[in-house]
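Asker: how would this look folded up:
(2 chains)
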2 protein chains.
Amino acid sequence: MSNTSHPFMDCLKMVFNLFPNWKRATEVKKLGYKLHGNPFSTNTRRVLAVLLEKGLSYEPITVDLKTGEHKKDSFLGLNPFGQVPVLEDGNLTLCESRAITQYIAYVHSSRGTQLLNLQSHETMAILTMWMEIEAHQFDPLASKLTWELVIKPLYGLETDHMVVKENEAGLEKVLDVYEKRLGDSRFLACNTFTLVDLHHLPNIQFLLGTPTKRLFENRPKVRNWVHEITSREAWKMACDPEKSWFGAGYKIYGYPSSPNTRRALAVLHEKGLSFDRITVNLTTGDQQKPSFLPINASFTDRSLDYLCSKICLGLNSWSSIPFLLIHISVWST
Amino acid sequence: MSNTSHPFMDCLKMVFNLFPNWKRATEVKKLGYKLHGNPFSTNTRRVLAVLLEKGLSYEPITVDLKTGEHKKDSFLGLNPFGQVPVLEDGNLTLCESRAITQYIAYVHSSRGTQLLNLQSHETMAILTMWMEIEAHQFDPLASKLTWELVIKPLYGLETDHMVVKENEAGLEKVLDVYEKRLGDSRFLACNTFTLVDLHHLPNIQFLLGTPTKRLFENRPKVRNWVHEITSREAWKMACDPEKSWFGAGYKIYGYPSSPNTRRALAVLHEKGLSFDRITVNLTTGDQQKPSFLPINASFTDRSLDYLCSKICLGLNSWSSIPFLLIHISVWST
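Answerer: Coordinates of the predicted model:
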């Protein structure tokens, strides 16, 4: 789960050494949401899934769980409980993945996938009840199984099969209730996909790679539901660190008719990466205005050439290109 | 925790035998919220606390946990997970105590104590985050301690002191974070009492009667907070089954200037019982109208005399008076 030795970090350092003023530029220009977490953590993926369902951009900040970065003072200042993820939205700092997902779903209720069921107090009550069921009935069992069957082996620890047996027995009972519920309702809270279903995804996804998979497969309605929710594009992207973590947070400052902008867009589309478009209107000289200059002032044609070659080189190992290179880049010239 | 042999039930049966049509009358007249639970269960008390903070009436329906009533088919129809409490509000049936408290707090946001913090998305996000902290950081430890130190001894089981030690160590860390937070904020989510503080109450109250109390006492700000939230009138009533469970659900149909109404009010006040006043306007003949007749039609002066004597007899053993006796009674004549 470590990323300290990731080529991304090395490349970032190199870029900062080459162009020290780029660092300052990125400090000036914020990406909006900052998500501190780890792309392999269940709780981080829960938040990623919501950001991607809503089509929001975010800056992923890797917390190295293997070296215990989440228990060090710098991180404890963000979350005194020492757990990922943490979302920063301006001055607001939030921990607890399910609180973050609810916040994003409310703030952006009219954008992207509608993850709530806001018609009435009654529909919201049923949604809340099923969120609590996930948290208090499903998660304690599923998390223990994920720990025993997925995480412990990764850390070279031995799986306790008694614990597995006990928690699988509990999970069977919970899934029996789900099987009945999914006979009455297409998804758990109502007939549309909501936060309730989404909250289940991270543990289910890991357990599908373990023998516990059979508990989902044995129940036809649960099996269909699992298939449907794990097939969502946003979820598939959340599970692909290359796309949703190391390659996330791109902002393209550009102009639709600029050939340089188009080239960059083509590359990003080709790689299936998500990004935000920010228009720099060349016909009104936006590229010379004070709002844009901090992003671009240090670039010359020579640095542009350098950037282009870096991107081309990066096509075969995309994650090694620091996203800052693109974020503050200059296809609008 | 059993109430099957409670005098309440015996008395109820006696009354139904004496006045069979009373039963029909209670089936006609609903009390609004029906709360299935047990007055000694932490999760039931969480919901009771909200109902009492909001000054709402409710019909308590005892689920006998000691005989496993919550695992029997009749109850599993209400909550397939076999846990108390369950709230019935017309056709809406809700389980999970924290979902019920949120529902009540939203629906009655303008009534009684304001338990939410609805000013902005940010204040709601912080409230939600602290609700999640209670559920995922505090509750797992506090519930295990309550189980080991309070419930197991009640059932004649032996406390596992290793489990106590381990969970106390975890709770110390959580309370250290609370101590710091309560230096910045009077209550956990903000400067007013909210659902966040309320959700903590049931476990804290039980743990104050155990050696774990010292963990709260050792931290000055936590100690003050615990003292403040456990001193609330609504909470004290929630912890008093005589007042909030066996004596709950009274509805007084009456008229302020009626001596009979006043006599009943005096008794209820004297006993510190909560009740709802429903005005039957005697000056406009409401007591003869079809809306009131189903409640009162079967009563004669003779039955009134009987009721009065029952109430007087009940003063020394209040919980043995079935609340139906008062609920459908006739102080408005």
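Asker: ok, residues contacting stretch A:88-99?
Answerer: A:32-36, A:43-44, A:46-47, A:78-79, A:81, A:83, A:85-87, A:100, A:103, A:131, A:135, A:199, B:122, B:125-126, B:128-129, B:131-133, B:136 (CB atoms under 8 Å, 6 or more residues apart in numbering or on different chains). C-betas here are computed from N, CA, C, even on glycine.
Asker: Which of those are buried, as a ChimeraX select command?
Answerer: Buried residues within the contacts of stretch A:88-99, by 16 or more other CB atoms under 10 Å in any protein chain shown, are selected in ChimeraX with:
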select /A:33,34,35,36,43,44,46,47,78,79,83,85,86,87,100,103,131,135,199 /B:122,125,126,128,129,131,132,133,136
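Asker: Next step: the contacts of stretch A:88-99 restricted to strands.
Answerer: A:33-36, A:86-87 (DSSP state E).
Asker: Go through the residues you listed and say which is closest to chain B.
Answerer: Chain B has its nearest neighbour among the ones in strands among the contacts of stretch A:88-99 in residue A:87, at 9.2 Å by CB to the nearest CB.
Asker: Who is that closest one paired with across the strands?
Answerer: residue A:35, residue A:94 (DSSP bridges).
Asker: correct me, but it touches residue A:46?
Answerer: No - Residue A:87 is beyond contact range of residue A:46, at 11.4 Å (criterion: CB atoms under 8 Å).
Asker: For the stretch 151-300 of chain A, just list every one of the helices.
Answerer: All helices of the stretch 151-300 of chain A, identified by DSSP state H, counting those that start in this stretch, fall at A:152-154, A:161-184, A:195-207, A:213-217, A:220-230, A:233-238, A:241-244, A:259-270, A:293-296.
Asker: tell me the average confidence for the longest one?
Answerer: If I follow you right, that is helix A:161-184. Here helix A:161-184 scores 98 as its mean pLDDT.
Asker: So what touches that helix?
Answerer: Helix A:161-184 is contacted from outside by A:137-138, A:141-142, A:144-145, A:148-149, A:188, A:212, A:215-216, A:219-222, A:224-225, B:80-81, using CB under 8 Å, 6+ apart.
Asker: in it, what counts as buried?
Answerer: Under 16+ other CB under 10 Å, the buried positions of helix A:161-184 are A:164, A:167-168, A:170-171, A:174-175, A:177-179, A:181-182.
Asker: next one: the fourth one
Answerer: Neighbour counts over helix A:213-217 (16+ other CB under 10 Å) mark A:215-216 as buried.
Asker: Against chain B, how distant is residue A:136?
Answerer: According to CB to the nearest CB, to the nearest Å, residue A:136 and chain B sit 7 Å apart.
Asker: Find the nearest non-adjacent residue to that residue, please.
Answerer: Nearest non-adjacent residue to residue A:136, counting by CB to CB, 6 or more residues apart in numbering or on different chains: residue B:96, 6.6 Å away.
Asker: Report how many residues lie close to that neighbour.
Answerer: The number of residues packed near residue B:96 is 26, by other CB atoms under 10 Å in any protein chain shown.
Asker: Can you report how many residues lie near residue A:71?
Answerer: 11.
Asker: Excluding chain neighbours, give the residue nearest to it in space.
Answerer: residue A:82 (4.7 Å).
Asker: Let me see the contact set for the one you found.
Answerer: A:70-71, A:75-76.
Asker: Give me the buried entries from the residues you listed.
Answerer: For these, buried by 16+ other CB under 10 Å: A:70, A:75.
Asker: so residue A:115 sits right up against residue A:195, yeah?
Answerer: Yes - counting by CB under 8 Å, residue A:115 does reach residue A:195; the two are 4.7 Å apart.
Asker: Go ahead and confirm residue A:258 touches residue A:281.
Answerer: No - using CB under 8 Å, residue A:258 is not in contact with residue A:281, being 10.6 Å away.
Asker: Look at the two and report which has more neighbours.
Answerer: The neighbour comparison of residue A:258 against residue A:281 (other CB under 10 Å) goes to residue A:258, with 17 against 13.
Asker: From residue A:288, how far off is the more buried one?
Answerer: 15 Å (CB to CB, to the nearest Å).
Asker: returning to that earlier point: worst average pLDDT in the helices of the stretch 151-300 of chain A?
Answerer: Among the helices of the stretch 151-300 of chain A, helix A:293-296 scores lowest, with a mean of 52.
Asker: thinking again about what came up before, out of the buried residues of helix A:161-184, which is nearest to residue B:237?
Answerer: residue A:177 (33.6 Å; CB to CB).
Asker: For residue A:46, give me the pLDDT.
Answerer: pLDDT, residue A:46: 98.
Asker: quick one: contacts for it?
Answerer: So residue A:46 contacts A:97-98, A:101, A:198-199, A:201-202 (CB under 8 Å, 6+ apart).
Asker: Can you say which two of the residues you listed are spatially most distant?
Answerer: So for the contacts of residue A:46, where distance means CB to CB, the most widely separated pair is A:98 and A:201, at 12.4 Å.
Asker: Narrow the contacts of helix A:161-184 to those that are buried.
Answerer: A:137-138, A:141-142, A:144-145, A:148-149, A:188, A:212, A:215-216, A:219, A:221-222, A:225, B:80.
Asker: care to break chain A down by domain?
Answerer: Listed domain ranges for chain A are A:33-108, A:121-239, A:249-313 (source: the TED database).
Asker: which neighbours do residue A:115 and residue A:195 share?
Answerer: A:50, A:101, A:105.
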